[in-house]
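K.L.:
let's see this in three dimensions:
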Amino acid sequence: MSKLVIVESPAKAKTIQKYLPNDYVVKASMGHVRDLPDNAGQMPAKYKKESWASLGVNVDEDFEAVYVVKDPRSKKAIAELKSELKNADELVLATDEDREGEAISWHLLEALKPKVPVKRMVFHEITKSAIQSALDDTRDVDTNLVEAQEARRILDRLMGYPLSLLVAKKIKYGLSAGRVQSPAVYLLVERERERRRFRKGTYWDIKANLLKDKVGFEATLYALNGTRLATGKDFDEATGKVAEGKDVLLLGEAQAKELLAAAEAGNFVVDAVNERQYKSSPKPPFTTSTLQQEASRKLNLSARDTMSIAQRLYENGHITYMRTDSTNLSQQAIDASRAAIKDLYGDSYLPANARSYTTKSKGAQEAHEAIRPTGDAFTHPDKSGLRGKEKSLYDLIWKRTVACQMEDARKTSIRADLIVDQDGNKMEFRANGTRIDFPGFLRAYVEGSDDPEASLEDQEVLLPKLDDGETVECENLDASSHETKPPARFTEASLVRKLEEEGIGRPSTYATIISKISDGRYAKKKGKTLIPTYLAFAVAAFLEKHFPDLVDLRFTARMEDELDGIARGEFSKVDYLHKFYRQEGAFKDQVDTGDATIVPNEVRQVDLGDLDAVLRVGRYGAYAQMERDGETKTVNVPDEIPPADLSQEDLERLLEERERGPESLGEDPETGHPILVMTGRYGPYLQLGERSDENKKPKTASIPKGMEVEDLTVEKALEVLALPRELGKHPEDKKPVEAGIGRYGPFVKHNKEYRSLEEQSQVFTVTLEEALELLKQPKGRRKGQKVLKEIGKHPDGEEMKVLDGRYGPYIKAGKTNASLPKGTNVDELTLEQAVEIVDAKRAK
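P.N.:
You can find the predicted model right below:
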C-alpha cells in the first residue's frame, strides 16, 4: 500500500515527489475542487426551489454553504484521487500553508471522505530538508483557518452577488461590485477627483552652471534678500496660489529675468559649505505586496504576471511561498544571506549582527516568512538554470534578500551656499551634492534600479572642493518657469501599496483585485497608469450615497481584522455573518431598500462639479446633455478624455462638431457616397455615407494607429475602408488570402490561420508572396522579432531559426523555443549544436 500526498498543481507534485520516500505517491487536485455555485441552476435538486438558492448559502439557518464541483477538471481530478486512495493506507494533505490552502485541504476531505488516517503537512519552501521536516511534523486540518476562509467566501457572496445585481440593474448591465473591489475603485475615483479639484500654480527659478577646478556643478537660486523662493511644495493645490502662512517669495517672469541679468554681471562667492554624514538601511525582504510593486517598477510586470511567475518559482523549488505579508526571515535564510555576502562582497559588507525586520502591515497573517530563495545556501541567479522573466524575478528576490542583511550605506550630504550681491539684490544660490563613503547594501540592490553598480554612480552628485570666500566661474545662467503637478494617478504598484497601508485585502487577493478593476469597465491602463472611467465615477457615487460603509476604508479594514479574528478563534463565523447580513438594518435590508427606492436615471449621473451640463453613463458610454436655445442637446463623451480632464470647452467643441455634422473627405467614386470622418466612443473612425433607409448599415472602419485624421485623403480613406484587403488566392486551395487590422494589430489571414504583421502600414503594401511566406511560419512568433540566423531543418522536419527574443537569442523549431546557452556565438552556431539544444529543451 502507498501513502497518497495531494497538492494543488502537477508542477508542485513533480517537485515534491523527488524528496519523498518511494512509497509516497504525489497527485494534484488541480486547485480548488469545490466552490459555491454560480447560480441556482448549479445547485443540487433538493435546494433549487429554496429562496436562497441563487446565493448558494442558507441564510435562514446558520449560513450553511452549499458547495458543488463545477469545473470538469475538478470532477476528473476527484475521480482520479478517489481511485488512488483505494490503494493507499494514509492520506497526506500538502496544500499551501495559508488560509486558502487550508480550505482546499478541508474541501478535499469533504469530497474524498477518506477511510484511512489523514495528516496535514505544511511547508513554506519545496526543498528536501523542508519536505522531510514537514513530514516529521504533521498536524490536523486547522478548523479556525478553514472557518475564516469560509467566512470570507460566504461574505463575498452575500455582499457581492446582490450588490452586483443591484448595480447592474440600476446603472449598467454586466457591472460588478464587492467587498474589496469597491474600495479599490473608490480610491481610483477619489484620486481623480483630487486631480479635478487641483489648480495649477506657476513659479520661476534661476539655475546656474558653475565651474571649479574643471568640475562642473549646478546651483539654484534659493533665497533673495533673506527670503526663501517659493517652490512647488509651497502651493495650495485647491487654489493654485502660495498657501497661507508660507513666508516665501513667489518669483515671476519679469523679476526672474531682472535677477538673471544682475547675476550675469555679478560674482558667485562661496558663503558656506556644510557636510552631514548619514546612513541609509536596506529595505526588508519581499512580501507579496512589495514584490508586486518592485516587479512593476523594475520588470514592467503586472501584479497577475508577477504572481504567476512567482508561483512557478515556488512550485519548482526556487523560492519560498509567495503569498505572505511577513518580513521575517528564518535563521537558515539569515545564515545563507550572510554566507553569500561574505563570499561575494567580503567581510566589510557583513554587519556584526544579523538584521531582523518586523511586519508593519495591518493584520499581517498568511505565511510566516518573507519571500526569499530556498535552501541553506542560496543559488546565485546565474547558476539557477532559469531564463527570461523567471530568472529576472528570481534575481530580484535573490538581490533583495541578500541586501537586507548587508551593512548600511554610509553617505555624506554636501550643501554649498553661494552669494551674488549685485544691484541691491543679495541672491543666495544653493548647490547640493551627495557622496557615497561606503556603498554597503547598495552594491547588491537599489530599489527601482536594474543595475546596482550603475545606480551607485547615479546616486552620487559630487561637488568640487569649495572654500569659504572664494569666487567660482559661472558658465551660464538660465531662468525657467515651472508648473505644479496634480496628484499622480495610481499605478498597479502604488494601488497595491495603498491597499496594504489601509489594511484592505490580503496577499492572496491583490492580483485579483487589480485584474478585476482594470479590465476597462472601471479603469483603463495608459502605460502603467490606471485611469478610472465615467462608469467608475457613477458606481463610486452610488456606493457613497446608498452603501457608505463599503467605501469607508476604515470599515473595510476593520472587517478584514474581524475576519482574521475568526482565524484566531476569537469570533464565531455564524454570529459575524448574522450581524452583517441578517439583523435589522443590516446589509440585506439596505439592498432591499435600494432595490425599491433607487431611481436608475439619478444614479447614472456623474457629478464632476463644475460643468454646465448633466453628465450620465449609458449603454454606449458617457454622454452629456446641455440646454441650448430651449432644447436639450446630447453629445457623446469619448473615453479618451479622462474625467479629471473633461472641461466645458471640450463639451462645447464636441457639441459644435456634432451640430456641424461629420467632416467629408470627398466622394467614393464607385458608390457616390461621401467618406465621413466620425467621432465615436473610442475616437475618430471612417464611415461610407450617411445612415438612411437605403444605407441602413454604412461601412465603417477604425482609423489605424499612427494615421492622423488631418493627413487622410480620399484615396487613403478608401484603402482603409477596403480592409480586409484580398491579396489573391492561396495556391493550394484557391481560397482568398487577406490582410487586415484586428483587435491585436495588423495581420494576414488564410481560412482561420492568422499571422501578425510587424507594422500597420504593411497592411496596404504586403504582397501575396510575402503573405504566403509568413503563413508558412509557425504560430507564436512575437511581432517584430528579428531572424538572426537560418539554421536548417531539424531531423523531425521543422525549420530551425535563431530569433532575437526579448530576453536574448533563442532557437525556434516548430512549437519549441530553446534559449541559447550563455556565451553562445550565433554566427558560429552549427546545425548539430542547434539540434542538441532543441532536443535538450524537449527532453526537459
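
K.L.:
now do stretch 400-410: distance to the chain's middle.
P.N.:
27 Å (CA atoms, centre = their mean, to the nearest Å).

K.L.:
CA atoms only for stretch 487-498 - export them in PDB, please.
P.N.:
As requested, the backbone C-alpha atoms of stretch 487-498 are provided in PDB (Å, rounded to 0.1, in the frame of the first residue of the first chain):
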ATOM      1  CA  PRO A 487      -1.600  64.300  -7.600                       C
ATOM      2  CA  ALA A 488      -0.300  61.300  -9.600                       C
ATOM      3  CA  ARG A 489      -2.800  58.700 -10.700                       C
ATOM      4  CA  PHE A 490      -2.400  55.200  -9.200                       C
ATOM      5  CA  THR A 491      -0.400  52.600 -10.900                       C
ATOM      6  CA  GLU A 492      -0.800  48.900 -10.100                       C
ATOM      7  CA  ALA A 493       2.200  49.100  -7.800                       C
ATOM      8  CA  SER A 494       1.000  52.200  -5.900                       C
ATOM      9  CA  LEU A 495      -2.500  51.000  -5.600                       C
ATOM     10  CA  VAL A 496      -1.300  47.700  -4.100                       C
ATOM     11  CA  ARG A 497       0.800  49.700  -1.700                       C
ATOM     12  CA  LYS A 498      -2.200  51.900  -0.700                       C
END
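
K.L.:
and that stretch, what's buried?
P.N.:
Of the residues in stretch 487-498, 489-498 count as buried by neighbour count, 16 or more other CB atoms under 10 Å. In this view, the C-beta of every residue, glycine as well, is placed from N, C-alpha and C.

K.L.:
please apply the same query to stretch 671-682.
P.N.:
Neighbour-count burial for stretch 671-682 [16+ other CB under 10 Å]: 673-679.

K.L.:
tell me which of the residues you listed fall in strands.
P.N.:
674-679 (DSSP state E).

K.L.:
out of these, the closest to E738 would be?
P.N.:
Using CB to CB, I675 comes nearest to E738 of these, at 21.7 Å.

K.L.:
next SSE downstream of the helix or strand bottoming out on mean pLDDT in the chain?
P.N.:
Using mean pLDDT, DSSP states H and E, helix 452-459 stands out as the lowest-scoring helix or strand of the chain, at a mean of 58. Scanning forward in sequence from helix 452-459 by DSSP states H and E, the next helix or strand is strand 471-483.

K.L.:
from the contact counts, what lies against that following strand?
P.N.:
Judged by 3 or more CB pairs under 8 Å, 6 or more residues apart in numbering; DSSP states H and E, the packing partners of strand 471-483 are strand 202-212, helix 253-265, strand 268-280.

K.L.:
now distance to P72, mean neighbour count and mean pLDDT too, for these, in TSV please.
P.N.:
Output for the helices and strands packed on strand 471-483, formatted as TSV (distance: least, CB to CB, whole Å; neighbours: other CB atoms under 10 Å; pLDDT from 0 to 100):
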stretch	distance to P72	mean neighbour count	mean pLDDT
strand 202-212	63	19	97
helix 253-265	71	15	96
strand 268-280	54	14	97
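
K.L.:
give me the below-cutoff pLDDT ranges for the stretch 651-800 of the chain.
P.N.:
Applying pLDDT under 70 to the stretch 651-800 of the chain picks out residues 780-785.

K.L.:
hey, where'd the strands end up in the stretch 701-844 of the chain?
P.N.:
Here the stretch 701-844 of the chain has its strands, by DSSP state E, counting those that start in this stretch, at 725-729, 736-742, 745-750, 753-756, 787-793, 799-805, 808-813, 816-819.

K.L.:
and which of the buried residues of stretch 487-498 is nearest F555?
P.N.:
K498 (16.2 Å).

K.L.:
wait, is the closest one part of a strand?
P.N.:
No: checked against DSSP: H, G, I helix; E, B strand; the rest coil, K498 lies outside a strand; its state is helix.

K.L.:
and the gap between it and L543?
P.N.:
The gap separating K498 from L543 is 18 Å, by CB to CB, to the nearest Å.

K.L.:
Y685 too?
P.N.:
Taken as CB to CB, the span from Y685 to L543 is 34 Å.
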